[in-house]
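Peer 1: sequence-free structure coming up:
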């Protein structure tokens, strides 16, 4: 292994959201395994969260070759970082000077001594404005798209959708009826223009601004990055890679690190914003029958109304099945008392603030995953062979649901996409039992699990692509 001073040194810059930071940290550990040094750049706000969540954890493999750095995002301390429109506007204005200092060997924090100058850069495709500084220095660059290749194809191909009258110049669907669907390929299921990644965000102004941010940054990533990476695998989206890839995309997924161990035997830090309750979750699962547990987790941004939470709690309680339900920190205290009482009375259920999701989904007691269909959760369900009960809310989640239910056949919709209002206890129970009783779903998700494992092992295409990428940026 190269010494710290002579090792290739990668700077990684994810978009500041949990679903982006995790795959970037997984890639960071892959680089560390190959002898790279890594400077991992979060916004200051998220850097504090990652460091706090990892407090007391052993150093990951790579030790002092991994440097965690925080840079200002341009927002004030009290501002809401879930306001993506505001965040997208401030970051390109505020972050470049600090990034340039890091590229030149300064501006770091404790733990980065001896790493040397940055020799290559990997940015989130949604942060592609940061490529300019790297290109001016002649550094090899890559952009990592943290969602599906299909969603990237839609965003990069937005001009074609405008030309074909599917959306207008600001991304809004042109036909507000059942005919507003389109197909990326004849062999693929129709996609609803109302639920594209930039739509369904609450108001039209926000959707318009997010549309222009997504398309501008994606086009810049395609044009300016030397390599375009995607956390997917070719067998999962074959039509995209065969006929409809918007650029030369290298699928390098599914990325995973939880099975790796540091020298102390503990799992490495993977960039979580909240501390996971590993022992409590796993001991609960150990006490449950095989394939019996309903795992419920809606990610880091989804907000469900109290009335809907109540229906979900009643459904889980009435089903008689054990469940593990994740509420991100700060939300559990806002739940209706009737809901928490129901969980306590049920006895077979458990509420936690954050779970080690990879380890939970790999546990043999888990029978299905009630999910918001974020891309990380979708991949984690597939690569652990767990059927998915889909309850999307926004961004790419509806597209992922289309793939899960209509193309891969490994899940069930909680409600039709045009459903408004509350999904009742009875409806939730009916769909839960339908999923758990469907042997075909279990068989298909098991096959996808095998393909996922094959992609990152031996002669798998994703592993080959990852090797090609690493050899390129090592030069």
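Peer 2: Looks like it arrived, so ask away. As the structure is a prediction and not an experimental result, all values here were calculated from the model.

Peer 1: Spell out which residues sit in contact with residue 348, please.
Peer 2: 288, 320-323 (Cβ atoms under 8 Å, 6 or more residues apart in numbering). The way it works is simple: take the backbone N, C-alpha and C, and place the C-beta from them, glycine included.

Peer 1: which residue ranges form the strands in the stretch 1-150 of the chain?
Peer 2: Here the stretch 1-150 of the chain has its strands, by DSSP state E, counting those that start in this stretch, at 9-13, 37-43, 66-71, 120-124, 141-145.

Peer 1: Just want the angle from the first one to strand 141-145.
Peer 2: Relative orientation of strand 9-13 versus strand 141-145 (axes from the mean of the first three to the mean of the last three Cα atoms, to 10 degrees): 40 degrees.

Peer 1: likewise the second one?
Peer 2: For strand 37-43 and strand 141-145, the angle between their directions (the same axes, to 10 degrees) works out to 50 degrees.

Peer 1: Please apply the same query to the third one.
Peer 2: Going by the same axes, to 10 degrees, strand 66-71 is angled at 80 degrees with respect to strand 141-145.

Peer 1: Okay, now the sheet partners of strand 66-71, with direction.
Peer 2: Strand pairing for strand 66-71, using DSSP bridges, gives strand 37-43 (parallel).

Peer 1: In PyMOL, how would I select the buried members of the contacts of residue 348?
Peer 2: Buried residues among those (16 or more other Cβ atoms under 10 Å), as a PyMOL selection:
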select buried, resi 288+321+322+323
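
Peer 1: Let me have the contacts of residue 348 in TSV, extended by distance to residue 472 and pLDDT.
Peer 2: Listed next are these as TSV, based on distance: Cβ to Cβ, whole Å; pLDDT from 0 to 100:
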residue	distance to residue 472	pLDDT
288	46	95
320	54	88
321	48	93
322	48	94
323	45	94
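
Peer 1: Kindly indicate which of the contacts of residue 348 lies nearest residue 160.
Peer 2: residue 323 (43.5 Å; Cβ to Cβ).

Peer 1: Excluding covalently adjacent residues, which one is nearest to the closest one?
Peer 2: Spatial nearest neighbour of residue 323, chain neighbours left out: residue 294 (4.2 Å); criterion: Cβ to Cβ, 6 or more residues apart in numbering.

Peer 1: Can I take it that that neighbour is in a strand?
Peer 2: Yes - counting by DSSP: H, G, I helix; E, B strand; the rest coil, residue 294 is located in a strand.

Peer 1: That one contacts residue 365, correct?
Peer 2: No - at 10.5 Å, residue 294 does not count as touching residue 365 under the criterion of Cβ atoms under 8 Å.

Peer 1: And the two? Which one has more around it.
Peer 2: Using other Cβ atoms under 10 Å, the more surrounded residue of residue 294 and residue 365 is residue 294, with 22 against 19.

Peer 1: Can you point out the buried residues in stretch 434-446?
Peer 2: Buried, per 16+ other Cβ under 10 Å, within stretch 434-446: 435-436, 438, 441-442, 444-445.

Peer 1: OK, contacts around residue 402?
Peer 2: Contacts of residue 402 (Cβ under 8 Å, 6+ apart): 189, 191-192.

Peer 1: make that residue 371, sorry
Peer 2: 297-299, 377-378, 381, 388-391.
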